[in-house]
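**Student:** Please work out how this folds:
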Amino acid sequence: PAAMPSMGAAAAAPVVVPSNLNLVAFDKGGLKVQFELSKPQGAANVSMTLVNVSFSNANPSPLNAFVFQVAVPKYIKLQLSAASAPTLPPNSTGAVTQQIRLQNTLQGQKAIVMRVKIDYEQDGRAVSEQAEIANIPPTF
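**Tutor:** Numbers count the residues shown, from 1 in each chain. Predicted coordinates:
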């Protein structure tokens, strides 16, 4: 009888099948943007996805006036926090972070897709980059 509760707990686990997913969202010119996607615990939040974004700078000079923006289709609700700092230090890995909270109102019908826009200054010149992220599995 003592084994029954643990089996019940194991059977309930597939409700939150996706755990965490790490992917590189952008990698160009020494700037690397990594996403760590996770699902909040609990079946009521199945449409929610949390994205911890970390920024790395492989350049010998800092990236200043750093701004990371996200656009999503209308079926996704977006909450974007401010970046933890406006400057990416030189030769840094994950020194600056930002959080994205997504609610997919068509969970199970349409996958999460997003466009990102990244603006910064490097060695006195303005840089603006854009990318589309469409490789997120439909379970997220």
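
**Student:** Now do the contacts for the closest residue to residue 99 other than its chain neighbours.
**Tutor:** Of all residues not flanking residue 99 in the chain, residue 81 sits nearest, at 4.4 Å (CB to CB, 6 or more residues apart in numbering). Every residue, glycine included, has its C-beta placed from N, CA and C. Residue 81 is in contact with 98-100, counting by CB atoms under 8 Å, 6 or more residues apart in numbering.

**Student:** for residue 20, same thing?
**Tutor:** Contacts of residue 20 (CB under 8 Å, 6+ apart): 36-38.

**Student:** among the residues you listed, which are in strands?
**Tutor:** In this view, the contacts of residue 20 that belong to strands under DSSP state E are 36-38.

**Student:** Pull out the buried members of those residues.
**Tutor:** Buried members of these, scored by 16 or more other CB atoms under 10 Å, are 37-38.

**Student:** Just the ones in strands from the contacts of residue 81, please.
**Tutor:** Of the positions in the contacts of residue 81, 98-100 sit in strands, assigned by DSSP E.

**Student:** Can you lay out those residues as CSV showing pLDDT?
**Tutor:** Listed next are those as CSV, based on pLDDT from 0 to 100:
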residue, pLDDT
98, 97
99, 97
100, 96
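
**Student:** Just name the closest of those residues to residue 106, please.
**Tutor:** residue 100 (17.7 Å; CB to CB).

**Student:** okay but that closest one is in contact with residue 48, surely?
**Tutor:** No. Residue 100 is not in contact with residue 48 according to CB atoms under 8 Å; the separation is 11.2 Å.

**Student:** Looking at these two, which has the bigger crowd around it?
**Tutor:** Neighbour totals were compared for residue 100 and residue 48, and residue 100 leads with 20 against 17 (other CB atoms under 10 Å).

**Student:** Contact partners for that one?
**Tutor:** Residue 100 sits in contact with 50-51, 53, 70, 78-81, where contact means CB under 8 Å, 6+ apart.

**Student:** Lovely, talk soon.
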